[in-house]
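Peer 1: structure for the following, please:
(one chain, ligands or ions: 1)
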Amino acid sequence: MTLPSRWPAVLQAVMKGQPRALEDSHYPQWHPAPVTGLMNDPNGFIWHAGRYHLFYQWNPLGCDHRYKCWGHWSSEDLVQWQHEPMALMPDEEYDRSGCYSGSAVDNNGVLTLCYTGNVKFDDGSRTAWQCLAVQNADGGFDKLGPVLPLPEGYTGHVRDPKVWQHNGSWYMVLGAQDQQKRGKVLLYKSADLHTWDACGEIAGHGVNGLQDAGYMWECPDLFELEGTQVLICCPQGLAREPHRYLNTYPATWMSGDFAWDSATFSHGPLHELDAGFEFYAPQTTLSADGRRILIGWMGVPDGEEMLQPTREHGWIHQMTCPRELNFREGKLYQLPIRELARLREQEHQWQGHADDAPRLDAGRLEFTLIPDGPVNVNFADTLWLSVDEQGIQLRRRSLENGDMLTRYWCGKVASLRVLCDRSSVEIFINDGEGVMSSRYFPEHPAQVRFEGAPVITLRYWSLRACM
Ligand code: FRU
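Peer 2: Model prediction:
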């Protein structure tokens, strides 16, 4: 059954679901999360006419990956988000299997959404259309229909348009899979958002000598940062390495030079964007004052997500906190946006042996930690972080079979900055040189405990609830 015929069920689900979700002790208090159902990728992230808009992949009808709509939040300051009416639902022939991910642009003052209309056929095949929708006078969105069919030489997996303007032209990157089932990023150019010319493959298998780079690249985003071009994307099918790419699907970045006249991107190696258990499909935009801001989905599409206990309360997944990006000495740095400091309550400071440190309430918490030797941070006996000379190990039990799982960040750890929100932890290492984002499902009230003989220097704040 298609979603439109179930429209009354959607209203019911939202009305009934929200109180249930809010009662869940794991429901975030300062991160955006769905009022009911499943949320995945951030979409259409933009500052437009004095407000930030953040759309998201949303199945309001259940905690599985079906019926993808575009949910919508808006915010004045990137901290306090308000729910807006649903922006897109899959009610046309060309998007009947889902209004898949995409971006938003300001086209002469008109907020315009660029998204993928996904169509699945009974024989298991699929096609995809890149589509437009524009905001109307009521704040809702009118679909303008497809502007780009499936290009030749690729399978039905061509999606996730990220569109931006440069020197008076529109550009679009798309994630794609070629006929040999290899992942690519395609570039297009347009004068008016309606007619698009192919400029070729700018990244993926065979470009810049890259081999064995997975079978599909999702959610590309190309932007300039401090004079360097950065491409973020999610290559599916990358081989796991001992210390990286350990999630079912990773998010990566690479940097280099983009030649606009020949539309070629000469880039360096792939790097993992976030080394935690849950992080995928990030998207960036420019803030009102020109900072490059990234938000990611604190989730990964895999079997383990379907075991998360919040599903019993009718909702699943949340966003990361917005992060400011910087590029220094060949490295991408990510830090929580400075606006988040507005949520801080009274500041506390403490120094001494880790074993003697105060226990902190993990509900809504920010702390910074400077370790003077190997220390452990125990998040409610559910998630364990250890710092040693090699770097960081983050451990938790598999929801599937109870096995201990580990994620790694390798390098010397000078400082940590950690953000907690009921069922999530975001760990920023060395002023943003590395990040590990993870969900965990402790019993509340939950405590963060510090363990080890070395001296630690702590600053900590409890954070105000704002969602
Ligand atoms: C990434 C993704 C996108 C797609 C969307 C569908 O998580 O698979 O490629 O557009 O999710 O919800």
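Peer 1: how far does stretch 414-431 sit from the chain's center?
Peer 2: 16 Å (CA atoms, centre = their mean, to the nearest Å).
Peer 1: next: stretch 209-227.
Peer 2: Centroid separation for stretch 209-227 versus its chain: 15 Å, with CA atoms, centre = their mean.
Peer 1: quick one: name the residues of the stretch 101-250 of the chain near the ligand.
Peer 2: Listed as neighbours of the ligand in the stretch 101-250 of the chain under the rule CB under 6 Å from any ligand atom: 101, 116, 159-160, 218-219. C-beta here means a position set from N, CA and C on the backbone, and glycine is covered the same way.
Peer 1: take those and keep only those in helices.
Peer 2: Among these, DSSP state H puts none in helices.
Peer 1: want to throw these into TSV with pLDDT, distance to residue 95 and neighbour count?
Peer 2: Converted to TSV, those look like this (pLDDT from 0 to 100; distance: CB to CB, whole Å; neighbours: other CB atoms under 10 Å):
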residue	pLDDT	distance to residue 95	neighbour count
101	98	12	29
116	98	8	26
159	98	11	25
160	99	14	30
218	98	17	26
219	98	18	27
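Peer 1: out of those, which is nearest to residue 328?
Peer 2: residue 219 (24.6 Å; CB to CB).
Peer 1: what helix or strand is the residue of the stretch 251-400 of the chain found nearest the ligand on?
Peer 2: Here the stretch 251-400 of the chain gets closest to the ligand at one residue, residue 281, 4.3 Å apart by CB to the nearest ligand atom. With secondary structure defined by DSSP states H and E, residue 281 is part of strand 280-286.
Peer 1: the following helix or strand past that strand: how far from the chain's middle?
Peer 2: Using DSSP H and E, the next helix or strand after strand 280-286 towards the C-terminus is strand 292-297. Chain-centre distance of strand 292-297: 6 Å, with CA atoms, centre = their mean.
Peer 1: any residue of strand 292-297 touching the ligand?
Peer 2: No. On the criterion CB under 6 Å from any ligand atom, strand 292-297 is out of touch with the ligand, staying 6.7 Å away.
Peer 1: okay, now the sheet partners of the following helix or strand past that strand, with direction.
Peer 2: Scanning forward in sequence from strand 292-297 by DSSP H and E, the next helix or strand is strand 315-316. As defined by DSSP bridges, the strand partners of strand 315-316 come to strand 37-48 (parallel).
Peer 1: now do the strand it pairs with and strand 280-286, the angle between them.
Peer 2: Strand 37-48 runs at 20 degrees relative to strand 280-286, counting by axes from the mean of the first three to the mean of the last three CA atoms, to 10 degrees.
Peer 1: contacting residues around residue 180?
Peer 2: If you count contacts by CB atoms under 8 Å, 6 or more residues apart in numbering, residue 180 has none.
Peer 1: for the ligand, what are the nearby residues on the stretch 251-400 of the chain?
Peer 2: 280-281, 301.
Peer 1: go with 8 Å
Peer 2: Contact residues, the stretch 251-400 of the chain versus the ligand (CB under 8 Å from any ligand atom): 280-281, 297, 301.
Peer 1: select only the buried ones of these in PyMOL?
Peer 2: Of these, the buried ones can be selected in PyMOL as follows, counting by 16 or more other CB atoms under 10 Å:
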select buried, resi 280+281+297+301
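Peer 1: could the residues of the stretch 251-400 of the chain next to the ligand go into TSV alongside distance to residue 133?
Peer 2: Listed next are those as TSV, based on distance: CB to CB, whole Å:
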residue	distance to residue 133
280	24
281	20
297	21
301	24
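Peer 1: and residue 58, what are its bridge partners?
Peer 2: Note on residue 58: beta-bridge partners by DSSP bridges are residue 39, residue 69.
Peer 1: hmm, back to that, wait, the residue of the stretch 251-400 of the chain closest to the ligand touches residue 42, no?
Peer 2: Yes. Counting by CB atoms under 8 Å, residue 281 does reach residue 42; the two are 7.0 Å apart.
Peer 1: joint contacts of these two?
Peer 2: With contacts defined as CB under 8 Å, 6+ apart, the residues shared by residue 281 and residue 42 are 296-297.
Peer 1: what angle separates whichever strand or helix holds residue 128 from strand 37-48?
Peer 2: Taking DSSP H and E as the criterion, residue 128 maps to strand 126-135. Between strand 126-135 and strand 37-48, the angle comes out at 50 degrees (the same axes, to 10 degrees).
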